[in-house]
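Peer 1: Build me a model from this:
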Amino acid sequence: MREAGQLEHIDHTVIAYEADPQSEGMLIAAEHSIDRAPFFIVERDGQAPEIYTVYFKFVKEVLNQKTTEDEEIQEIMNDVDLDFL
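Peer 2: This is a model prediction of the structure:
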C-alpha cells in the first residue's frame with residue numbers, strides 16, 4: 001500500500017490482536033461482524049459504513065486504481081481452505 005501511494009487515502013489504521021479481544025481492531029471487527037483481515041471500513045457523510053474484506057475490491061471501488069486479474073486470483077486463492085477441497 002505504501003509503494004502504491006494508497007496509505008495517503010487511509011485516515012485511521014488499527015490492529016486486531018487476536019490474543020486480545022479488547023484490542024481496538026477486534027472490537028471494531030466484532031461491532032461490524034467481520035471475521036477476516038485485512039478489512040477496510042469506508043465512512044461517507046450521511047451513509048452507512050461500507051465494509052470491504054477483499055483488498056482488491058477496495059482498491060478498485062474506493063481508491064479507483066486498477067488491479068490485475070492475477071492479483072485478484074491470488075487473493076481469492078489465499079482465502080480458499082485447501083483442506084476443505
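Peer 1: And the helices in the protein?
Peer 2: Ranges of helices in the chain, per DSSP state H, are 24-31, 55-61, 69-78.
Peer 1: Please identify the buried residues of the second one?
Peer 2: Buried residues in helix 55-61, defined by neighbour count with 16 or more other CB atoms under 10 Å: 55-56, 58-59. Backbone N, C-alpha and C define where each C-beta goes, glycine included.
Peer 1: ok, the residue nearest the centre of the chain to Tyr55 distance?
Peer 2: Nearest to the mean C-alpha position of the chain, by CA atoms, centre = their mean, lies Phe39 at 2.3 Å. Phe39 is 9 Å from Tyr55, where distance means CB to CB, to the nearest Å.
Peer 1: With Val42 instead?
Peer 2: Distance from Val42 to Tyr55, counting by CB to CB: 13 Å.
Peer 1: Then Asp20?
Peer 2: Plainly put, Asp20 is 24 Å away from Tyr55 if you go by CB to CB.
Peer 1: Could you do Glu43 as well?
Peer 2: 18 Å.
Peer 1: try Met1
Peer 2: Using CB to CB, Met1 is found at 9 Å from Tyr55.
Peer 1: Where does the prediction get shaky in this structure?
Peer 2: 65-85 (pLDDT under 70).
Peer 1: quick one, strands of it?
Peer 2: Remark: strands assigned in the chain by DSSP state E are 40-42, 50-52.
Peer 1: Ok, which of those strands comes nearest Ile34?
Peer 2: Smallest distance to Ile34 across those (CB to CB): 6.3 Å, for strand 50-52.
Peer 1: That closest one pairs with which strands, parallel or anti?
Peer 2: When sheet partners are counted by DSSP bridges, strand 50-52 sits next to strand 40-42 (antiparallel).
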